[in-house]
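[1] I'll drop the sequence and a predicted model, then ask my questions.
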Amino acid sequence: MPRIAYVNGAYVQHRDAATHVEDRGYQFADAVYEVIAIAGRRLLDEEPHLDRLGHSLSELGIGWPLVRPALRYALREVARANRVSNGLVYLQVSRGVAKRDYVPPAGLQPVLVITAKSTPAPSEAPGPGVAVISAPDLRWKRVDIKSTGLLGAAINKQKARAAGAWECWQLDERGFVTEGTSSNAWILTHEGELITRPTGHDILAGITRATVARVARQLQLKVVERPFTIAEAQGAREAFMTRATSIVTPVVRVDGKQVGAGAAGDVVARLRAEYLRAVGDSEPFW
Ligand code: PMP
């Protein structure tokens, strides 16, 4: 079955899907994106992802490429056309195509691209966990805007992989963890407090982060939004990361030091299972 992509109103073969060389997304990273997980033919946390897209677009003064119901429909069409029961849908909106100039002309038509792909269904079990390394945060100062300017993140993710780790926890100038390159960072202290950095311009307001915080509070866990250091993470009872496409994933090594028992902890496992329950009640779309 051929993969299908959506490019500005047309459903096309994935291998032929293209935008123009003077798309501002290509030349300036003047584009924003979202990744929404699909599980059991359901889009997980769709509305908050679209709300965050709205934030990214409005911070950059880019218009919605489609009205929201039409965008919801297009996301489903691409998922359906690719028979994605479990996986993700990716959408990107660039400011549009224009002669290369830092200052964009007024009235550009945004370019919308949507793709989807299948992945294994998310397991309720949290798995063995992953290792993370740390490195200075190389990114720009508005990472709350989910822009396609991902070079700093890509460099740090490659650094992690070269070190045999899955993720890189990035550090601000004071040595506090901002977040992973594609995930939010959390620890559980020995006092039983869940710690994650507050939202602001220096992290992406993760949708999974917000849902996990809500679920945790419902479970009577204390969530404290404050920065933490690598030393604190290494000495924590549990550590984990959150992101749409892997939900809640245990972090069992930080810069080579084992965290807790070096395996998924009870709280991580509970939060993962509760997250799946919390987001699994929408209507299947095909
Ligand atoms: N931080 C960054 C930098 C990310 O790229 C992502 C993945 N989109 C996240 C956090 C997690 O966000 P979400 O839970 O919305 O996937």
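    Received it, and whenever you're ready, just let me know what you need. Residues are numbered from 1 along each chain as shown.
[2] ok, which stretches of the protein are helices?
    24-28, 46-60, 68-81, 151-162, 207-218, 230-234, 266-279 (DSSP state H).
[3] And the fifth one, what does it pack against?
    Secondary structure elements in contact with helix 207-218, counted by 3 or more Cβ pairs under 8 Å, 6 or more residues apart in numbering; DSSP states H and E, are helix 46-60, strand 184-188, strand 193-196, strand 222-225, strand 238-243, strand 247-254, helix 266-279. C-beta coordinates here come from the backbone N, C-alpha and C atoms, glycine included.
[4] Quick check, residue 229 in contact with residue 176.
    Yes. The pair residue 229 / residue 176 is scored as a contact, 5.9 Å apart, by Cβ atoms under 8 Å.
[5] what does the stretch 151-286 of the chain put close to the ligand?
    179, 182-184, 204, 206-209, 242-244 (Cβ under 6 Å from any ligand atom).
[6] Kindly reformat those residues as JSON lines containing neighbour count.
    Shown next, in JSON lines, are these (neighbours: other Cβ atoms under 10 Å):
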{"residue": "179", "neighbour count": "27"}
{"residue": "182", "neighbour count": "20"}
{"residue": "183", "neighbour count": "27"}
{"residue": "184", "neighbour count": "25"}
{"residue": "204", "neighbour count": "22"}
{"residue": "206", "neighbour count": "24"}
{"residue": "207", "neighbour count": "26"}
{"residue": "208", "neighbour count": "24"}
{"residue": "209", "neighbour count": "25"}
{"residue": "242", "neighbour count": "26"}
{"residue": "243", "neighbour count": "21"}
{"residue": "244", "neighbour count": "21"}
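[7] Neighbour count for residue 229 and residue 176, which is higher?
    More neighbours surround residue 176 than the other of residue 229 and residue 176, with 18 against 15 (other Cβ atoms under 10 Å).
[8] Comparing the helices of the chain by mean pLDDT, which bottoms out?
    When those are ranked by mean pLDDT, helix 266-279 comes last with a mean of 93.
[9] buried residues in it?
    For helix 266-279, the neighbour count (16 or more other Cβ atoms under 10 Å) marks 267-276, 278-279 as buried.
[10] Who are the contact partners of residue 199?
    144, 205, 225 (Cβ atoms under 8 Å, 6 or more residues apart in numbering).
[11] where does the closest residue to the second one other than its chain neighbours land on pLDDT?
    Just to be clear, that refers to residue 205. Distance criterion Cβ to Cβ, 6 or more residues apart in numbering; nearest residue to residue 205, sequence neighbours excluded, is residue 199 at 4.3 Å. For residue 199, the pLDDT comes out at 98.
[12] coming back round to it: in JSON lines, list the contacts of residue 199 along with neighbour count and pLDDT.
    Formatted as JSON lines, the contacts of residue 199 follow (neighbours: other Cβ atoms under 10 Å; pLDDT from 0 to 100):
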{"residue": "144", "neighbour count": "17", "pLDDT": "98"}
{"residue": "205", "neighbour count": "17", "pLDDT": "98"}
{"residue": "225", "neighbour count": "13", "pLDDT": "98"}
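[13] relative to its centroid, which residue of this protein is most remote?
    residue 99 (31.1 Å; Cα atoms, centre = their mean).
[14] quick one: contacts for it?
    Counting by Cβ under 8 Å, 6+ apart, residue 99 touches 22, 105.
[15] Over to residue 234?
    254-255, 257, 259.
[16] Check these and tell me the two furthest apart.
    Greatest spatial distance among those (Cβ to Cβ): 255 and 259, at 10.3 Å.
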